[in-house]
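1. I would like the atomic coordinates for the input below:
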Amino acid sequence: MQITSGPRPRTGLSVRLPAGEIVGLLETRIANCGRHVPRNEIVVAVQNSIGCAWQPCGSSSPFKPAGVSKWPEKNLERIEAICAEGYGLADLWELSPLRIEDNETHAEEIVDRLFPNNPLLCCGRSQSDFDTRPRQQWRGELAQLQFIVPSPMSDLTGLTKEGKVSAHALANTGPRRFLVVECDFSIHARDGKTETKVAPMIRKLTAQGFSVSDMCAAVLLHLAQFAPMVCALSSGGKSVHGWFYVQGQPEEKLFRFMRYAVSLGGDPVGWTRSQFMRMPDGTRDNGNRQTVFFVSFKPIEAKQ
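-> Below is the predicted model:
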């Protein structure tokens, strides 16, 4: 099997549209939302979103937020409104420009396209079993691994905050290449008993036939209107992770984008450059495949 080009999507969703087209699309989508929405309200909303929109060039100078709470609370009304637009996991698959249409693993092929020219990559079977090597030295192993740092490494090792030499440290992580939004929604907290703030919303949407994976896909498709999504994959559980190509973008702009993503349910841990994220089409520790639902290499190839 190969990764193949998919047919044109049947839905009307597009990514990185001009502001005028976004306004027109929103007018159509909310025509029957239950209340009259003036055009100027839509225009203002689109204008307010421009600050976190992707741009084709920019600097990657360090950015340290000041004077604001770093990560916002989940905006439940906004999340539910996005889900109410009707997009879900099936749409994420249908909108993919490329398709994985067999049961073979394609981690090697995908990573080759995401990280060309044999850069240093930090990959791991677990959070404690990992290494940093040139890409070619990982050949044949990636499909069995859980984790990868979504940016090339600048050196084989670096010092951790504790002063220890490690193959996985912020000190030996290079400039951002991808920003990964780990989207997940749970009824219970990690203790398995305490209900989360999103529990009522999950139950409401579940009753309407909308799964947690659908919710994640809807949010990622929404975010893809502001930054180029190149990959979306399963965690091997219910959550879906979106990879956004951000190389060369200003850190301040990326921080605004990440704050918006967090307000829609994204996990803020993805902001840390050295954070391990799920290997595309890799294997989770429970044996589940981290299935790739969406693939598009066009944003990367456009800058090469």
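
2. how about the helices of the chain, start to end?
-> 19-29, 39-49, 76-84, 89-94, 107-114, 199-207, 212-223, 251-263, 298-301 (DSSP state H).

3. Least confident of these, on average?
-> For the helices of the chain, mean pLDDT drops lowest on helix 39-49, to a mean of 58.

4. Under the pLDDT cut-off, which ranges of the stretch 51-200 of the chain? List them.
-> Within the stretch 51-200 of the chain, the set of residues satisfying pLDDT under 70 comprises 51-69.

5. now the strands: where do they sit in it?
-> 98-100, 120-124, 130-134, 147-148, 158-159, 165-166, 178-183 (DSSP state E, counting those that start in this stretch).

6. Distance to Pro228 and mean neighbour count for the ones you listed - can I get that in JSON lines?
-> C-beta coordinates here come from the backbone N, C-alpha and C atoms, glycine included. As requested, the strands of the stretch 51-200 of the chain are exported to JSON lines (distance: least, CB to CB, whole Å; neighbours: other CB atoms under 10 Å):
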{"stretch": "strand 98-100", "distance to Pro228": "14", "mean neighbour count": "21"}
{"stretch": "strand 120-124", "distance to Pro228": "21", "mean neighbour count": "23"}
{"stretch": "strand 130-134", "distance to Pro228": "26", "mean neighbour count": "18"}
{"stretch": "strand 147-148", "distance to Pro228": "19", "mean neighbour count": "24"}
{"stretch": "strand 158-159", "distance to Pro228": "29", "mean neighbour count": "16"}
{"stretch": "strand 165-166", "distance to Pro228": "31", "mean neighbour count": "14"}
{"stretch": "strand 178-183", "distance to Pro228": "10", "mean neighbour count": "25"}
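
7. Please produce TSV containing those, extended by distance to Pro280.
-> Shown next, in TSV, are the strands of the stretch 51-200 of the chain (distance: least, CB to CB, whole Å):
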stretch	distance to Pro280
strand 98-100	10
strand 120-124	11
strand 130-134	17
strand 147-148	8
strand 158-159	24
strand 165-166	24
strand 178-183	10
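
8. between the ones you listed, which gets nearest to Leu76?
-> Closest approach to Leu76 among those is made by strand 178-183 (14.5 Å; CB to CB).

9. contacting residues around that closest one?
-> Strand 178-183 is contacted by residues 114, 150-151, 215-216, 219-220, 223, 227, 230, 235, 239-247, 254, 257-258, 261, 264-267, 269-271, 275, 277-278 when judged by CB atoms under 8 Å, 6 or more residues apart in numbering.

10. buried subset of the residues you listed?
-> Among the contacts of strand 178-183, the ones that count as buried by 16 or more other CB atoms under 10 Å are 114, 150-151, 215-216, 219-220, 223, 227, 230, 235, 239-247, 254, 257-258, 261, 264-267, 270-271, 275, 277-278.

11. residue nearest the centroid of this protein?
-> With distances taken as CA atoms, centre = their mean, Gly242 lies nearest the centre of the chain, 2.1 Å away.

12. Leaving out sequence neighbours, find the closest residue to that one.
-> Leu220 (4.0 Å; CB to CB, 6 or more residues apart in numbering).

13. ok, back up a step: let me know which of the strands of the stretch 51-200 of the chain is the nearest to Gly282.
-> strand 147-148 (7.6 Å).
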